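>>> compute the structure for the input listed below.
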Amino acid sequence: MSESPKIGLREAVGLLTIFLVAKAFIPYLAFIFDWGLSGTWLIVLAHLPLGVVGVLVLVWLLNRHPGKTIVEIGEELVGPIPNIFLALMLLIFLIGLVALELRQFGEFLLTAFLPNTPLSVVLLAFMAAMLAVAYMGIDTLARVAWLFFLPFLFGVFVLLALTANLWESHGLYPLLGPGPWGLVKGVGSTLGVGSDIILLAIIAPFLASGVMRTVGLATVLISGLTVFSIILVTSMVYPFPVAHELVLPIFEVSRAINLGRFLVRLETIFLPLWMFAGLISMTAGLYGAAAVTARILKMPYYRPFLFPISVIVIAVSFLFPNIISAVQISFNLLITWSVVPVGLVVGTLLAAEIWRSRKNQQKGGPKSGDGPRSGAARGGLRTKPSGKGT
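The predicted structure is shown next:
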């Protein structure tokens, strides 16, 4: 059997797309409406070309170092000491991402479906499911994501289509919302919605050769169009003054369905979509944090770090006194400012790669990434001979 797990193109696209789109299933959209007003859908369209450029840059860097994660690439390009700080930024970002999403998913489940259940019970139930799947490996998680991916997209678009009788185009006017400058500020202030694509740089060693660009582009386009559709329909069902007040816009859209005597209050359709998307997204983040920790410490296995990281995640998720503060802090950190640490890591490695390439060209030596592949290049995080890998 293979020494390392393998992830196909479809599985990788499904996993990364759900990882990105899951943000639309927590209250972030309500804050984005503050920036875009009636033109919020234009902010998402503006994110698409920026996301394409960003993923192409990331893929170029990864392709220069085949078979290596971004942590291993950093150690090669900038050295072990500076790379520790870059890797720690990624680790803190992933832990914060999982912890803040866990708190929001748990709070929403309590509010909408399980009002009498203690929050700790809900969060621990989520974490138990996440640990079980993450422990089985990234290949198992990717296959689960692919099995859920098509039903997930189908369910989301059917849910949106069932509100067609409620669509009112006046919710999209004025088209430019706060105006050109306001939209520019909105786009710049919400660039962090695409920071999650950094997971591609962690699972890169497990992808087949030559598919990384396709995976990255497909993920960005599908994710962007899905979130665009959600915001567009929300704006036509609930114009800005109302959408601004909704805690979870897509859930309220599902509650608005009214196609006769029997096709009403179909938010129960939303529950499995919401729950499985959240579980897959948070499990991917948990795996990413454990994998980055293993690479920082040069350990061949990520599994010993799952349990301590899960404890940290639970502790961070309980730092906030209520759901309002959790959502506000989460939006500021993950949507507004997360582009800074992620951009700093990728930008630093990109600059180091370009500098090294020019230096090698001047000396007439081999280009970076052209030499023999290391053990990490052959399989990323090493696994047991049985193939039940990381």
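
>>> R303 and Y135 touch, don't they?
Yes. The pair R303 / Y135 is scored as a contact, 6.0 Å apart, by C-beta atoms under 8 Å. The way it works is simple: take the backbone N, C-alpha and C, and place the C-beta from them, glycine included.

>>> buried residues in the strand or helix carrying F228, which are they?
Using DSSP states H and E, the element containing F228 is helix 212-237. Neighbour counts over helix 212-237 (16 or more other C-beta atoms under 10 Å) mark 212, 215-224, 226-237 as buried.

>>> need the contact list for T40.
T40 is in contact with I32, F33, G177, G186, I231, S235, F240, counting by C-beta atoms under 8 Å, 6 or more residues apart in numbering.

>>> make it 6 Å
Residues counted as contacts of T40 (C-beta atoms under 6 Å, 6 or more residues apart in numbering) are I32, F33, I231.

>>> among these, which one sits closest to S195?
I32 (14.8 Å; C-beta to C-beta).

>>> which elements pack onto the host helix or strand of the closest one?
Per DSSP H and E, I32 falls inside helix 28-36. For helix 28-36, the elements it packs on are helix 40-63, helix 180-189, judged by 3 or more C-beta pairs under 6 Å, 6 or more residues apart in numbering; DSSP states H and E.

>>> and these as CSV, adding mean pLDDT and distance to V156?
Converted to CSV, the helices and strands packed on helix 28-36 look like this (pLDDT from 0 to 100; distance: least, C-beta to C-beta, whole Å):
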stretch, mean pLDDT, distance to V156
helix 40-63, 94, 15
helix 180-189, 92, 23
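
>>> return the most buried member of these.
The highest mean neighbour count among the helices and strands packed on helix 28-36, using mean count of other C-beta atoms under 10 Å, belongs to helix 40-63: a mean of 19.

>>> now that one against helix 28-36, angle please.
On the basis of axes from the mean of the first three to the mean of the last three C-alpha atoms, to 10 degrees, helix 40-63 is oriented at 110 degrees to helix 28-36.

>>> show me where the stretch 101-250 of the chain has its strands.
For the stretch 101-250 of the chain, no strands are identified by DSSP state E, counting those that start in this stretch.

>>> now the helices: where do they sit in it?
Secondary structure of the stretch 101-250 of the chain (DSSP state H, counting those that start in this stretch): helices at 119-136, 138-161, 180-189, 200-203, 212-237, 240-243, 249-255.

>>> pull out the CA atoms of the last one and give them to me as PDB.
Okay, so that is helix 249-255. In PDB, the C-alpha atoms belonging to helix 249-255 read as follows (Å, rounded to 0.1, in the frame of the first residue of the first chain):
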ATOM      1  CA  PRO A 249     -29.400  35.500   7.100                       C
ATOM      2  CA  ILE A 250     -29.500  32.200   5.300                       C
ATOM      3  CA  PHE A 251     -31.400  30.600   8.100                       C
ATOM      4  CA  GLU A 252     -34.000  33.400   8.000                       C
ATOM      5  CA  VAL A 253     -34.300  32.900   4.200                       C
ATOM      6  CA  SER A 254     -35.100  29.200   4.800                       C
ATOM      7  CA  ARG A 255     -37.700  30.200   7.300                       C
END
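
>>> name the helices or strands packed onto it?
Using 3+ C-beta pairs under 6 Å, 6+ apart, the elements in contact with helix 249-255 are helix 212-237, helix 267-296.

>>> quick one on the thing from earlier: just want the angle from the helix holding I32 to helix 212-237.
80 degrees.

>>> mind listing what's buried in helix 28-36?
Y28, L29, A30, F31, I32, F33, W35, G36.

>>> so which of those residues is the closest to F206?
Y28 (28.9 Å).

>>> tell me who's in contact with that closest one.
So Y28 contacts F331, I335 (C-beta under 6 Å, 6+ apart).

>>> any idea how far I7 is from it?
Counting by C-beta to C-beta, to the nearest Å, the gap between Y28 and I7 amounts to 27 Å.

>>> A30 now?
34 Å.

>>> low pLDDT regions in this protein?
Counting by pLDDT under 70, the chain shows low-confidence ranges at 1-4, 364-390.

>>> now the helices of the stretch 101-250 of the chain as JSON lines including distance to P308?
As requested, the helices of the stretch 101-250 of the chain are exported to JSON lines (distance: least, C-beta to C-beta, whole Å):
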{"stretch": "helix 119-136", "distance to P308": "11"}
{"stretch": "helix 138-161", "distance to P308": "19"}
{"stretch": "helix 180-189", "distance to P308": "34"}
{"stretch": "helix 200-203", "distance to P308": "18"}
{"stretch": "helix 212-237", "distance to P308": "30"}
{"stretch": "helix 240-243", "distance to P308": "40"}
{"stretch": "helix 249-255", "distance to P308": "33"}
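
>>> relative to A294, which of these is closest?
That would be helix 200-203 among the helices of the stretch 101-250 of the chain, by C-beta to C-beta, at 10.5 Å.

>>> list the contacts of the closest one.
Contact with helix 200-203 is made by L62, T69, I70, I138, G216, G288, A291, as judged by C-beta under 6 Å, 6+ apart.

>>> for the fourth one, list the residues it contacts.
Contact partners of I138, counting by C-beta under 6 Å, 6+ apart, are P5, I203, Y287.

>>> count of neighbours near the residue nearest to the first one when sequence neighbours are not counted?
Taking C-beta to C-beta, 6 or more residues apart in numbering as the measure, P5 lies nearest to D139, with 3.5 Å between them; neighbours along the chain are not counted. Neighbourhood size, D139 [other C-beta atoms under 10 Å]: 21.
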